[in-house]
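**Q** Give me coordinates for this.
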Amino acid sequence: MLLGTNVLFAQGTGAAGATATDAVKDNGLATAGYYILLFLIVCFIIGIVGKILRVFDLTQQIQSKNPINWDNVMGVCCLIFLIAGAYGAYWEFTVQGAMILPDAASEHGVKWDEMFWTTTTLTMIVFVVTQVLLFTFLFKYRHNANRRGHFLPHNNTIEKVWTIAPAIVLTILVIFGFFTWQQITDNVDAKGEPASINVDITGHQFAWELRYPGKDARLGKTDYKLVSGTNKLGINFKDKDSYDDLQADTMYLPVRKSVRLNIHAQDVIHSVYMPHFRVQLNAVPGLPTFFKFKPTITTAEMRIKLDKPNFEYEILCNKVCGGAHYNMKKVVRVVTEAEYQAWLSQQKPYLTDAIKKDLKFAAEKKEVQSNRLALNN
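**A** Presented below is the predicted three-dimensional model:
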């Protein structure tokens, strides 16, 4: 059944003329069904081994010999599990830990990373200590007929220690996180700094739409009732600020300049996710939100830093918003101020000829001119 499933998927996506065997080989059997079947086989083998040991144990008892000491077996299994688990944790840190994102490319991202690593370090210490104590105690104090267990029904000192100590640590983490988040979400521009660059980003199934302000540095108003085939963002062109609003396919940002992302959604909940800048915020229909950040590393600098000539920052959607969710991706380029201004001057306005025709701009303009002539006469 699993083989047939892989052949089906391979035939749907593989090149014409490829054989079924080659398709399955390329697919690598990396399916959920494969791993479920593998898990069931392992469980079946463990069950068989358990039955064999049980028969051996009964045989030993019938022959008046010492049966298997299951307490020792379980104690040794706990010790083996501790060692295997320690290796698994080591593998997790070394192999998957190597896949971690590079240094944050935004000003607030540095603080974000500090908070992350502080929390990770503390929880890792607790994890190691608790797991070592747990499985070591299970091995050392396994049942032994020659000794009796010491029962400690209550101890106020121990109760206070394991209640107060975690409470203090968690309180510190919460306060640290609160002030860090407060700094990140501070929406007031610092004195002496230029105003933030306003960029509208709108999510819909399944793409991101970008809008930049023109020379007036202002974005025009939008209205969902105005959304149409030509006016896909529902820009209100009765607002004069919208006349020079620019459309863009790639997000360009000047380095070390504050950027305000005005986040919108037209259908379902999306999520603006820019991992290298440590930016993520939901795009909720009918509820505009925003996120301010300051990029600190240009795309060219990051390419050199990572030794990846083709590296690009990206905007992704971090919500499973439908079947073509994977299409919600745009490139982000962080450039110098001069490069940003040069790029901005080449972008086209949203007020295209098609929109002018739909809105009957030409007719209205002629009517206004004729009225002015009549008044002058």
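**Q** what residues go with each domain of this structure?
**A** According to automatic domain parsing, the chain comprises the domains 90-144+157-186, 197-359.
**Q** export the ones you listed to CSV and tack on mean neighbour count?
**A** C-beta: built from backbone N, CA, C; applies to glycine. Shown next, in CSV, are the domains of the chain (neighbours: other Cβ atoms under 10 Å):
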stretch, mean neighbour count
domain 90-144+157-186, 13
domain 197-359, 17
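**Q** residue contacts, residue 339?
**A** When contacts are counted by Cβ atoms under 8 Å, 6 or more residues apart in numbering, residue 339 touches 252, 254.
**Q** One more: residue 310?
**A** By Cβ under 8 Å, 6+ apart, the residues touching residue 310 are residue 303.
**Q** how far away is it from residue 206?
**A** Counting by Cβ to Cβ, to the nearest Å, the gap from residue 310 to residue 206 is 24 Å.
**Q** In JSON lines, list the domains of the chain along with mean pLDDT and distance to residue 56.
**A** What follows is those, written out as JSON lines (pLDDT from 0 to 100; distance: least, Cβ to Cβ, whole Å):
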{"stretch": "domain 90-144+157-186", "mean pLDDT": "90", "distance to residue 56": "21"}
{"stretch": "domain 197-359", "mean pLDDT": "92", "distance to residue 56": "51"}
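**Q** Please produce CSV containing the ones you listed, extended by distance to residue 48.
**A** Output for the domains of the chain, formatted as CSV (distance: least, Cβ to Cβ, whole Å):
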stretch, distance to residue 48
domain 90-144+157-186, 25
domain 197-359, 40
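**Q** among those domains, which is nearest residue 64?
**A** Closest of the domains of the chain to residue 64 is domain 90-144+157-186, at 22.3 Å (criterion: Cβ to Cβ).
**Q** distance between the ends of that closest one?
**A** Length of domain 90-144+157-186, first residue to last, Cα to Cα, to the nearest Å: 38 Å.
**Q** centre of the chain versus that domain, how much separation?
**A** 20 Å (Cα atoms, centre = their mean, to the nearest Å).
**Q** Pull the contacting residues for residue 271.
**A** 280, 281, 282, 283, 317, 318, 319.
**Q** what about 6 Å?
**A** Taking Cβ atoms under 6 Å, 6 or more residues apart in numbering, we find residue 271 in contact with 282, 317, 318, 319.
**Q** Repeat that for residue 258.
**A** Residue 258 neighbours (Cβ under 6 Å, 6+ apart): 196, 294.
**Q** Quick check: the gap between it and residue 306.
**A** Taken as Cβ to Cβ, the span from residue 258 to residue 306 is 25 Å.
**Q** Can you tell me the SS state at residue 264?
**A** strand (DSSP: H, G, I helix; E, B strand; the rest coil).
**Q** Residue 89 and residue 121, how far apart?
**A** 14 Å.
**Q** meant to ask about residue 286, not that
**A** Counting by Cβ to Cβ, the gap from residue 286 to residue 121 is 41 Å.
**Q** does the nearest residue to residue 292 once chain neighbours are set aside sit in a helix or strand, and which one?
**A** Nearest residue to residue 292 in three dimensions, chain neighbours excluded: residue 260, at 4.9 Å (Cβ to Cβ, 6 or more residues apart in numbering). Per DSSP states H and E: residue 260 is located in strand 259-265.
**Q** mind saving the C-alpha coords of that strand as PDB?
**A** The C-alpha trace of strand 259-265 is given here as PDB (Å, rounded to 0.1, in the frame of the first residue of the first chain):
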ATOM      1  CA  VAL A 259      10.400  51.000   9.000                       C
ATOM      2  CA  ARG A 260       6.700  50.700   9.900                       C
ATOM      3  CA  LEU A 261       4.900  47.800   8.300                       C
ATOM      4  CA  ASN A 262       1.100  48.500   8.100                       C
ATOM      5  CA  ILE A 263      -0.300  45.000   8.000                       C
ATOM      6  CA  HIS A 264      -3.700  44.100   6.500                       C
ATOM      7  CA  ALA A 265      -5.600  41.000   5.300                       C
END
